[in-house]
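Engineer: Sharing a model that was predicted from the sequence below.
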Amino acid sequence: MSNTIGDRIKITIFGQSHSRAIGVTIEGLPAGFAIDEDRLLAFMARRAPGSNPLSTARKETDEPDIISGLAGGRTCGAPLTALIWNNDTRSKDYSNIKDMPRPGHADYTAYMKYGGYNDIAGGGQFSGRLTAPLCFAGGIALQLLELEGVRVYSHIYSIENVKDDPYDLMGPFEDLTEKKLPVINNDVIDKMLHTIEYARNDVDSVGGIVECAIDGVPVGLGEPMFDGIENRIAKLIFGIPAVKGIEFGRGFAAASLRGSENNDEFCIEGEEIRTRTNNHGGILGGISSGMPIVFRTAFKPTPSISRPQQSVSLSKMEEGTLEIHGRHDPCIVIRAVPCVEAVAALAILELIL
């Protein structure tokens, strides 16, 4: 099933945006691990709706209800299953789009694939709401990785045309979670917030880019040619709705360089082999090099905007005008940051175990 991924650590995500609950089952967690639930809840709160004044007005506590997989407060080897209850749904807001698909959404493709039986409320199984259980699984993975000396960092690289400073690909990396926005350069915070607010007042939306760094990954993880680290991260990343692109290290900018500029020369630091630069983003031949793994993920503008748009009536086969109601983020990038961290952690944990 397409809702299940992983080999050593297997996760299955289920539910719809307006179903009674959404959730996740995680198989393969090492037994005897005590989950720090306070840290897990704090991590999930960064993604939760209504967590900042520029997010959707939908209010969900997103407190996971763990119904199996623990004994005495520790993992016990059984599959760990958690439910996240949906308490603030307004399905009536979507009554007018059952027959008229929203531009930029999966409404039309899902209608054709499932013969019109797809759940349209809140986007159904295609909703960003399903990233809540993804963050639950990723939050646990982050804690397990810390035991192995691996840390995951991220920041908002850009919102529309407003850019933060990029990561130094060599590190070190700073934990930015306590800031108003997770950015390196504080001078761009108000500019980003103004950009989002301007789009919202214009009944529109904006997209952006999240940059992520994974530090402490040992050399030698990953398998060529279809199971390299890029492959694993990219497959999980595209499970996050609204993702449209990913690049590693220097990424597309490397295409304008010469080999002499892009190659990372090797050196010895202490008793370790390292590279003097990190244009390769910590991955060579799909295998970790021991340098920080750095990648960037592009998110499209939120497709749910309230201004009139052209669509078609599926029953009448006539063109018409659609107005979307409901509660939506003018920019999903802020809430997407922990989702990217969750995916990165799950991909590396799968390999490091």
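Structural biologist: Perfect, thanks for sending it.

Engineer: make it CA atoms for all contacts and neighbour counts henceforth
Structural biologist: OK.

Engineer: so what pLDDT did Asp329 get?
Structural biologist: For Asp329, the model assigns a pLDDT of 89.

Engineer: roughly how far apart are it and Val343?
Structural biologist: Using C-alpha to C-alpha, to the nearest Å, Asp329 is found at 21 Å from Val343.

Engineer: got it, and Ala336?
Structural biologist: Distance from Ala336 to Val343, by C-alpha to C-alpha: 11 Å.

Engineer: ok, now Lys244?
Structural biologist: 15 Å.

Engineer: Excluding chain neighbours, what is closest to Gly104?
Structural biologist: Pro303 (5.1 Å; C-alpha to C-alpha, 6 or more residues apart in numbering).

Engineer: Do I have it right that the one you found meets Ala106?
Structural biologist: No. The pair Pro303 and Ala106 fails to qualify as a contact (C-alpha atoms under 8 Å) at a distance of 10.2 Å.

Engineer: quick one: which of those two has more around it?
Structural biologist: The residue with more neighbours, out of Pro303 and Ala106, is Pro303; 19 against 16, by other C-alpha atoms under 10 Å.

Engineer: Counting neighbours, what do you get for Ala31?
Structural biologist: With other C-alpha under 10 Å as criterion, Ala31 counts 14.

Engineer: got the contact list for it?
Structural biologist: 74-77 (C-alpha atoms under 8 Å, 6 or more residues apart in numbering).

Engineer: now do Met291
Structural biologist: By C-alpha under 8 Å, 6+ apart, the neighbours of Met291 are 170, 215-217, 219, 274-275, 278, 281-283.

Engineer: low-confidence ranges in this protein?
Structural biologist: Where the chain drops to pLDDT under 70, the residues are 1, 50-53, 55-60, 88-94, 326.

Engineer: tell me how far the helix or strand where Pro338 lies is from the chain's mean position?
Structural biologist: Element membership for Pro338, per DSSP states H and E: helix 333-352. Remark: helix 333-352 is offset 6 Å from the chain centroid, using C-alpha atoms, centre = their mean, to the nearest Å.

Engineer: repeat for stretch 98-108
Structural biologist: So, by C-alpha atoms, centre = their mean, the centroid of stretch 98-108 is 23 Å from its chain's centroid.

Engineer: Thanks a lot, catch you later.
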